[in-house]
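Enquirer: generate coordinates for the sequence data below:
(chains A, B, C and D)
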2 protein chains.
Amino acid sequence: MGRWKPDARGRLLQAAIDLFGEQGYEETTVAQIAERAGLTKATLFRHFSDKREILFQGQGALVEAATAAVGGAPDDAAPFELVAAGVTALCAVHREDDRGLGRRLGAITASSAELQERAALKRSIVTDALFRALADRLDDVHLAGVLADAGIRAYYDGYAAWVADADGGATLRETAAAELRAYEALIRP
Amino acid sequence: MGRWKPDARGRLLQAAIDLFGEQGYEETTVAQIAERAGLTKATLFRHFSDKREILFQGQGALVEAATAAVGGAPDDAAPFELVAAGVTALCAVHREDDRGLGRRLGAITASSAELQERAALKRSIVTDALFRALADRLDDVHLAGVLADAGIRAYYDGYAAWVADADGGATLRETAAAELRAYEALIRP
DNA sequence: GTCTATACAATGATAGAC
DNA sequence: GTCTATCATTGTATAGAC
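Expert: A predicted model of the protein is given here:
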């Protein structure tokens, strides 16, 4: 311990977000990011499998949260209670006090086709995890599909609304739950 | 005219599919593809914006087909008839007699994370196009979202079933329509 | 067991000639 | 529209330093 400065990942993430904000994503090289973090390119690739992944690490946690929440719901939970549990767990992964990070990440992602592609992949992975967990409990793949899609829509649209909100407005849990209620009215389980 | 061999795009696509099948996607370089098509790497990139795009060109046609079908449906069409029109139009983009191409493409895509990422992006783009077209007609973003997601699920799952079918089985239109009916029973517009 | 150094292959962009 | 040529960047691989 103490042989290297601590929190290399955190420093890389911070350097990346700063540089992307200053110069744009495509204009920033991984060598620049590594340099600002006091590391080398090779070390950066030890922490992140590729350049896009610097901004999208959180996805593993989302899959696990949704899967565990749906799988661990009470035996007598109604179909829609299962999705609600999953969506609530997804929201709980984020820090309720940090809209700023979401705003910055959103702006950077919107600026690059490469990042939108990664974002689409992440969304599909989380959707599939929720779908599998629901199908496991419901034994009805079509119902599981409709519920998973609605839950993910509620989560993403709720996230967008939460990020766009002035600070101090509704919590992420609340904005996502409001979206989910609108979808609940349209589905008959 | 006649200064170059015709159908460069078609030759590139054929060469790519053949080589990917023989050697695998990641093991095949764009230089090899261009060479087999009798062209150079630089020319390949004039026809396709990147290596992944060689396999995923069809997407522009899907967006236009779905948008036009939903937008052009009768004024008194019920919400579910709008989705059905969109899904039918998506199916019509494919040749009903060529399951083999879909099978080959599916196998190649499954073999590479890079291609799965592009596939996820394409699905999200088509979903969004269908969503916008439906929202335009329905004036209800939540209903449009649920219907778009269900329609895209029916299309993709129907496509998978059609491709997996022995030749001579149900048409793509039929397998997708069967999926769509299952979703219709779960949604109240 | 994490970091550095270096060399390397492949993608994709660019400029100019035919 | 295609070719040649050159180039920067990503991402991998290897061997070694602390």
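Enquirer: near DNA strand D at all, the helix or strand hosting residue A:45?
Expert: Assigning secondary structure by DSSP states H and E places residue A:45 in helix A:41-47. Yes - using C-beta under 7 Å from any atom of the strand, helix A:41-47 reaches DNA strand D at A:41, A:42, A:45. C-beta here means a position set from N, CA and C on the backbone, and glycine is covered the same way.
Enquirer: what residues does chain A have near DNA strand C?
Expert: A:3, A:4, A:8, A:38, A:39, A:40, A:41, A:42, A:43, A:46, A:47.
Enquirer: among these, which one has the lowest pLDDT?
Expert: Minimum pLDDT across the residues of chain A next to DNA strand C is recorded for residue A:3, with 70.
Enquirer: in a helix, it, correct?
Expert: No - read with DSSP: H, G, I helix; E, B strand; the rest coil, residue A:3 is coil and lies in no helix.
Enquirer: distance of residue A:171 from residue A:107?
Expert: Distance of residue A:171 to residue A:107, given as C-beta to C-beta, to the nearest Å: 22 Å.
Enquirer: pick out the residue of chain A closest to chain B.
Expert: In chain A, the residue that lies nearest chain B is residue A:149 (3.6 Å; C-beta to the nearest C-beta).
Enquirer: so what's that residue closest to, chain neighbours aside?
Expert: Residue nearest to residue A:149 in three dimensions, not counting chain neighbours: residue B:149, with 3.6 Å by C-beta to C-beta, 6 or more residues apart in numbering or on different chains.
Enquirer: shouldn't that neighbour be in contact with residue A:142?
Expert: No - with contact defined as C-beta atoms under 8 Å, residue B:149 does not reach residue A:142; the gap is 11.8 Å.
Enquirer: neighbour-wise, which of the two wins?
Expert: With neighbours defined as other C-beta atoms under 10 Å in any protein chain shown, residue B:149 and residue A:142 compare such that residue B:149 has more, 25 against 20.
Enquirer: and the residue nearest to residue A:99 when sequence neighbours are not counted, what element?
Expert: Excluding the flanking residues, the one nearest residue A:99 by C-beta to C-beta, 6+ apart is residue A:163, at 5.5 Å. Here residue A:163, judged by DSSP H and E, is contained in helix A:141-164.
Enquirer: and that helix, which residues are buried?
Expert: A:141-159, A:161-163 (16 or more other C-beta atoms under 10 Å in any protein chain shown).
Enquirer: same check on stretch A:126-141?
Expert: A:126-127, A:129-135, A:137-138, A:140-141.
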